[in-house]
Structures are given as structure tokens and as C-alpha cells.
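> Sequence plus predicted model, see below.
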Amino acid sequence: MTLKGSLLSALLLLLALGTLLAVLRHRVPAEEEVRRERLLMGTVVAIQATGEDRQDLEEAVEEAFDEIARIEALMSPYRSESDVAHISSSEGPVEVSPETAEVIALGLDIGRRSGGAFDLTLGRLKELWGIEGDSPGVPEPGEITRALVGTGEGALLLDKEVVTRKDRGTLVDLGGIAKGYAVDRAAAILQRAGAVRASVNAGGDMVLVGRPAGRPWKIGIQHPRRAGELLATLHLEEPAAVVSSGDYERFFEEGGRRYHHLFDPRTGYPAAGCQSVTVVAGKAALADALATAAFVLGPEEGLALLEQTPGVEGLLVTASGEVRSTPGLRDRIRWP
């Protein structure tokens, strides 16, 4: 090799080494992952977050848990100082927090759009059945009739951040929407903190943040009649909220019949048309309320409600075990 050729080879080698060093200096930092669980809102809340800075992630996850606890303190009917408790015990209009007003506004809207299938005023009925307590039981028909007084459309009025009950016996219950809202708030904190990917799961109310690493999010749907088994798996390529409601969550059996916590406001008895409903939407609060409304409406009207709501998809298991879904979800369902 000539001297000129040797110099050229050496120069090319130096350029290659320089390029390699530049790549190493600017390579993508290794991702950190934080996983935590905490008991909140009557269920186990699991948060998983991935990002570049572990300390930032740790702080964001703690802040997310604190936010869920704050929303619970505002909206739990069992907290004497909550907005909900104040509404249910007041003699007149009550000014509530912006967050509570936002949740009530969404709940009233879904109530109107579902023809009353979603109802924020069923507190007395839920107390009567006691399904979430230690001694549930089937009430007498007359008791159910009395518990439905002061419920339904127009029972609760919202003017900006002021809430008024038309009947003093009305008890407000945000159980079908507050958990989804809290999960939304927690997920927003993780996103603002720079999490590359994250998930917040509160007993079936889940929000996914960011994009999965080279593969879709895979979300399992509980089989409503086979404990511990999956009915199907959803493959989602984009961030979303996924919420499932079913008659297998909280129930008791009497006389060979299952009585669960999802009540039909028209009858005062547990809705009988479905075993479970799963909703995919942009926000968990919306998916939460729609899952309850679709369950109460039953297969035909329930699917119609989901199909008519922009940006929403869903899967429904009928009382007989038949599985139906909205058209936009069918190619994202994987069966066992």
C-alpha cells in the first residue's frame, strides 16, 4: 500500500471512530420502570410507569396516588366531609369543587343520552340492597318503590358548581363514574411528568398512557362466568381508557338467582340483560358511565348507545353468554 493509501485508510478509520463516539454520546438513555400498588376507592390501584428518570417517575407515581385519594375524599358517599355527603345531607343548594361539578355534569349528560339508564341518584336504593355491605338481601317490593322516590331525570340540578336536590330524600352516588375520573386524573399526572409509557388500573378501570414498545397494548377481559379466566384480549395500538363492568364484581345469590350491584333505575332491581360490558374510550370517566349505562340497557340498546358515541367502542356479553361488539373493535379482539 502506498503512503497516500495508508493516510487515506487512517483518515477513514478516524472518521468511523468519531462517528461511533458521537452515537454513543447521544444514544437513548436506558428506560426506568416503576410499579406500585395501593388500596384506594375500595379497590387495589396499580400504577406502572416507564421513563428516563427514575426519581421523576417515583415522584409522579406518588403524586398520582395522592390525586386518586383526593378525588375519593371529594366524592365518596362514606366520607362525612365529602362533596357528595354534603349534597345528600343539605337542606338547600350546595357549592361543590370544580372536579365534583365536572363529574356530575358528565353523569347527567350520560343519563340523558341513555334515557335514564345511568343515574347518579340511586344512593337510597343501593343502601337498601346493601350489596356492598356485609348483609345484602332482597328488599320487599314496597321498600324498592319508596327507595326510587326522588331519583331519575330532574332529581339533581347543576348550575355551574352549585348542586340542588329536588327531593330531600335523594342520596347521590357517584360510584359509577368517580373511579374512572380519578384514574384519568392520575394518568394525566404521569403524562405531564414525561412518562414514556404508563398505565393506571383501579379494579377494572384502566388508562393507558403513551405507546407500547414495539407491540400493541394487550388488555385481558375477565370471563364473567369463569373466575381467573380471560374471555378475550384487546390489542390496542394507541393510548386509551378501558373499563369493564359486570355482574361478577359484587353480588350475592339467593334462591338460585344472582343479585348484583348494577341496578336498573326503571325497576329498582339488578339489570338482567348482560353479564358484562367492556368500553374503550378516550377517557375512563366516560367509559365508566357508558359501561354501566350499556349494561343496564341490555344488548341491543346498549350496543346502539356505544355505537352512537364518537370515539367509543365496546364489547358486551349477553345474559345468555353471547358475545357482541361494536364494528370498530372486532379486528382488535383476540380470542383464547
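Sure, I can see it. Numbering: from 1, shown residues only.
> how far away is Leu329 from Leu236?
Relative to Leu236, Leu329 is positioned 10 Å away (C-beta to C-beta, to the nearest Å). Glycine gets a C-beta too; all of them are placed from N, C-alpha and C.
> joint contacts of those two?
Counting by C-beta atoms under 8 Å, 6 or more residues apart in numbering, the shared contacts of Leu329 and Leu236 are Val280.
> Taking the centroid of the chain, which residue is nearest it?
The centroid of the chain falls nearest to Asp205 when counting by C-alpha atoms, centre = their mean (3.0 Å).
> residue contacts, that one?
179-180, 183, 241, 243, 284, 287-288.
> try it again with 7 Å
179-180, 183, 243, 284, 288 (C-beta atoms under 7 Å, 6 or more residues apart in numbering).
> Repeat that for Gly176.
118, 288-289, 292.
> ok, now with 8 Å
With C-beta under 8 Å, 6+ apart, Gly176 has these contacts: 107, 118, 120, 288-289, 292.
> neighbour-wise, which of the contacts of Asp205 leads?
Within the contacts of Asp205, Asp288 tops the neighbour count with 35 neighbours, counted by other C-beta atoms under 10 Å.
> Excluding chain neighbours, what is closest to that residue?
Among residues not flanking Asp288 along the chain, Gly180 sits closest, at 3.0 Å (C-beta to C-beta, 6 or more residues apart in numbering).
> For that neighbour, give its distance to Val277.
13 Å.
> Poorly predicted segments of the stretch 1-150 of the chain, please.
1-29 (pLDDT under 70).
> all helices of it, in order?
Applying DSSP state H, counting those that start in this stretch to the stretch 1-150 of the chain gives helices spanning 3-25, 54-75, 83-89, 98-113, 123-129, 141-147.
> ok, residues contacting the second one?
This points to helix 54-75. Residues from elsewhere that reach helix 54-75 (C-beta under 8 Å, 6+ apart): 32-34, 36, 38, 40-41, 45, 47, 49-51, 79, 81-84, 97, 99-100, 103, 174, 178, 181-183, 185-187, 189-190, 192-195, 200, 202.
> and the host helix or strand of Asp184, average pLDDT?
According to DSSP states H and E, Asp184 maps onto helix 178-192. Averaging pLDDT along helix 178-192 gives 98.
> does Glu238 really touch Arg211, like I thought?
Yes: counting by C-beta atoms under 8 Å, Arg211 is a contact partner of Glu238 at 7.2 Å.
> Quick check: nearest residue in space to Val323, chain neighbours excluded?
In space, and not counting its chain neighbours, Val323 is closest to Val317: 5.5 Å by C-beta to C-beta, 6+ apart.
> just Leu120 next, same as before
Distance criterion C-beta to C-beta, 6+ apart; nearest residue to Leu120, sequence neighbours excluded, is Gly107 at 4.6 Å.
> The one you found: neighbour count?
For Gly107, the count of nearby residues is 27 (other C-beta under 10 Å).
> rewinding a little: can you show me the CA trace of the one helix or strand the residue nearest to Val323 maps to as CSV?
Secondary structure assignment for Val317, by DSSP H and E: strand 313-318. Presented in CSV, the C-alpha positions along strand 313-318 are these (Å, rounded to 0.1, in the frame of the first residue of the first chain):
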residue,chain,number,x,y,z
GLU,A,313,-66.0,1.1,21.1
GLY,A,314,-67.3,-1.8,23.2
LEU,A,315,-67.7,-5.5,23.8
LEU,A,316,-70.8,-6.9,25.5
VAL,A,317,-71.6,-10.4,26.9
THR,A,318,-75.4,-11.0,27.0
